[in-house]
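# Dropping a prediction and its sequence here:
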Amino acid sequence: MRRLFLIAIIFCTATWQANAQREGMVHQAVSKGIASFYHDKFEGRLTANGEVFDNNKFTAASNILKLGSYVKVTNLSNGKVVYVKINDRMAHTNTRLIDLARVAAKELGFIRKGITQVKVEVVPESEGKIGIVAQREGIALVGKNEL
């Protein structure tokens, strides 16, 4: 069942990308910088878009990415990838690119280190939602850069 689900995800993403390229809709913003993760003290607090923060959801804060956007975050030291939704802002004095929920930082493998260099790519909402569902379900994505 998981294999069938993964095949469907790959097919849908490839179809969307082909249609988007044909229609000139592909726009990917890519940034590199430092990622950190939320402290447990923020658990249960309201985020900038009004959601209740949960360290077990694939969400993140950023001062430069649009609220509600979906991004693919790649840990540049180990190649691990995670999809998250931007739902919060960071303190204005924070110079980091993105602040991830603990579950996302764990997936990227930098909990012990605390921070890491990442590449952040804005992705279509459909790709972001599918990526988050796959992560929650524990489905191994094909390759580190494929969905």
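On my side now, so go ahead. Residues are numbered from 1 along each chain as shown.
# residue boundaries of the helices in this structure?
Secondary structure of the chain by DSSP state H: the helices cover 2-22, 102-108, 125-137.
# Lowest average confidence across those helices, which one?
Set side by side, the helices of the chain differ in mean pLDDT, and helix 2-22 is lowest with a mean of 47.
# right, and A60 touches S69 too?
No. At 9.9 Å, A60 does not count as touching S69 under the criterion of Cβ atoms under 8 Å. Backbone N, C-alpha and C define where each C-beta goes, glycine included.
# Might you report the residue contacts of the closest residue to K80 other than its chain neighbours?
Nearest residue to K80 in three dimensions, chain neighbours excluded: L108, at 5.0 Å (Cβ to Cβ, 6 or more residues apart in numbering). Shown here is L108, whose contacts under the criterion Cβ atoms under 8 Å, 6 or more residues apart in numbering are 35, 73, 75, 78, 80-82, 100, 116, 118.
# How far does stretch 110-123 stretch from one end to the other?
By Cα to Cα, to the nearest Å, the extent of stretch 110-123 from end to end equals 23 Å.
# So what touches it?
Outside stretch 110-123, the residues within contact range by Cβ under 8 Å, 6+ apart are 27-37, 62, 65, 69-77, 83, 96-98, 102, 105, 108, 131.
# again, but for stretch 95-107
The set of residues that contact stretch 95-107 without belonging to it, under Cβ under 8 Å, 6+ apart, is 31-38, 40, 53-62, 64-65, 71, 73, 80, 82, 84, 88, 90, 108, 111, 115, 118, 120, 135.
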